[in-house]
Every structure is written in structure tokens, then in C-alpha cells.
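Asks: structural data only, the sequence is not supplied:
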């Protein structure tokens with residue numbers, strides 16, 4: 001993947017509320033993942049209403065703030081205690097942000113977004129199933145470098161990190177999403193299996209994945225590099 005400052009999501013058509021949420025989460029290492037999840041919702045379900053797109057955009061927001069459950073759980077990636085703690089904390093952060101930013105925002109919209117964020121790991125209903133599928137597809141497409149980082153840092157072995165990739169695919173329900181996931185899964189597995197030999201610059205990759213300006217093609221600050229990443 002190459003990101004000169006054209007910004008991979010420069011033409012994403014974000015609403016003003018979505019742009020504000022991206023600014024809220026600027027600096028989050030999974031910001032690219034969130035933008036990609038929103039993109040996948042729109043690809044899989046073009047008629048998806050705003051609450052589905054927005055939930056996909058903010059579903060992992062709690063990880064941007066200290067104090068939550070580890071993103072590398074010790075009891076398996078399908079551990080319900082971990083999944084529920086992560087999803088509930090994200091839903092709480094998102095609801096608070098929405099209410100503080102827009103006190104007049106429709107309560108029904110906020111509750112629909114909250115439900116989808118709560119269910120983004122487990123699905124349930126067509127809308128939550130598509131948010132879950134978009135999350136999975138986006139992980140495979142944009143966070144393959146993170147599995148390499150897990151292995152390089154000693155958090156997981158290659159075999160343990162592959163369990164995340166397997167879980168990510170196995171939980172997908174919509175058939176159209178399963179078909180889209182398979183080539184992304186195969187590529188992510190190849191990247192993971194070369195974790196000890198890859199030339200990926202993990203520091204630069206994390207910088208890009210967390211930068212609102214780089215992802216949206218906005219003018220760069222003096223501290224941000226314009227060099228592409230491969």
C-alpha cells in the first residue's frame with residue numbers, strides 16, 4: 001500500500017459529523033482501519049443508513065483512550081469477557097461524544113449507533129452483521145502490519161497471531177463479505193508468515209495509519225513525512 005499525501009480516503013464523502021469523529025480520533029493507530037470499515041459498509045450495503053456507516057467509523061474508539069482491555073487478549077480473540085468489555089467501553093465513549101457534541105441530536109439515532117457498536121464483534125441483525133463484516137474486512141486489508149508488529153514485539157507467535165486472522169474470517173456472516181474476505185485473508189497470512197523477514201517499516205506504517213491528515217490528504221504539518229510507504 002502506498003500513501004503519498006493524496007490520502008487514501010480523500011474522497012470518502014464524510015459528513016460533517018463523521019469528519020468531527022475522525023478529528024476526535026486523530027492519532028489513533030486504528031484510524032485507517034476505522035475509515036476502511038466505513039468504506040466496506042458502503043461497498044457491501046450501499047443503502048446503509050448513516051447510523052450503520054457511523055458505527056463502523058467509530059466501533060473501536062475506546063482503544064484510543066488509556067485504561068481499557070488489552071488489544072492482545074491472553075484468553076483468545078473470541079473470549080466473550082474481552083469482546084464485551086471492549087465493545088461496551090467503545091459504546092460508552094461514542095455515546096458520550098455524540099451527546100456532548102450535539103445535545104439536540106436525535107436520541108433514537110444515538111441509541112441505534114450504540115447498539116451497533118455494542119454488537120460490532122458479535123453481529124446480530126442485518127445491520128450489525130454488516131458492521132461486523134466491515135470490521136473484519138478492514139482488519140484484513142489494513143492491519144496486516146499489526147500482526148507483524150505483534151510477532152516482532154514478542155506478544156504472539158506467528159501461529160497465535162494467525163488465530164486472529166482465522167477468527168476474523170470465521171465470524172463473517174453475509175456471503176458477499178465472505179467472498180471479499182478470502183483474498184484479503186490469504187494476503188494477510190502471507191504477510192504474517194514473513195513477519196521475521198518483511199521490510200515493512202512498522203513505525204512509518206503506524207504513523208500513516210493514525211494520521212488524519214495523511215489518510216484524508218490534508219495539508220501536512222512540519223512533523224509529518226510525505227514519503228510513501230510500501
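Replies: Yep, it's here. Not measured: the values here are computed from a predicted model.

Asks: residues in contact with the lengthiest helix in the chain: which ones?
Replies: As assigned by DSSP state H, the longest helix anywhere in the chain is helix 80-101. If you take CB atoms under 8 Å, 6 or more residues apart in numbering as the criterion, helix 80-101 is touched by 17, 20-21, 24, 55, 58-63, 65, 68-70, 73, 75, 105, 110, 113-114, 117-122. Placement of C-beta: from N, CA and C, glycine included.

Asks: could you pull out the helices in this structure for me?
Replies: For the chain, helices defined by DSSP H occupy the ranges 16-24, 31-44, 50-58, 80-101, 107-118, 126-142, 144-153, 158-170, 175-193, 202-210, 212-216.

Asks: which residues belonging to the third one are considered buried?
Replies: Residues of helix 50-58 classed as buried under the neighbour-count rule (16 or more other CB atoms under 10 Å) are 51, 52, 53, 54, 55, 56, 57, 58.

Asks: and the shortest one, by the same measure?
Replies: Of the residues in helix 212-216, those buried under the neighbour-count criterion (16+ other CB under 10 Å) are 212, 214, 215, 216.

Asks: CSV for the helices of the chain, including distance to residue 10?
Replies: Shown next, in CSV, are those (distance: least, CB to CB, whole Å):
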stretch, distance to residue 10
helix 16-24, 12
helix 31-44, 11
helix 50-58, 16
helix 80-101, 24
helix 107-118, 25
helix 126-142, 16
helix 144-153, 21
helix 158-170, 27
helix 175-193, 22
helix 202-210, 14
helix 212-216, 6
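
Asks: any idea how far the residue located most distally from the centre of the chain lies from residue 131?
Replies: No residue in the chain sits farther from the centre than residue 104, which is 28.0 Å out by CA atoms, centre = their mean. Separation of residue 104 from residue 131 (CB to CB, to the nearest Å) stands at 25 Å.
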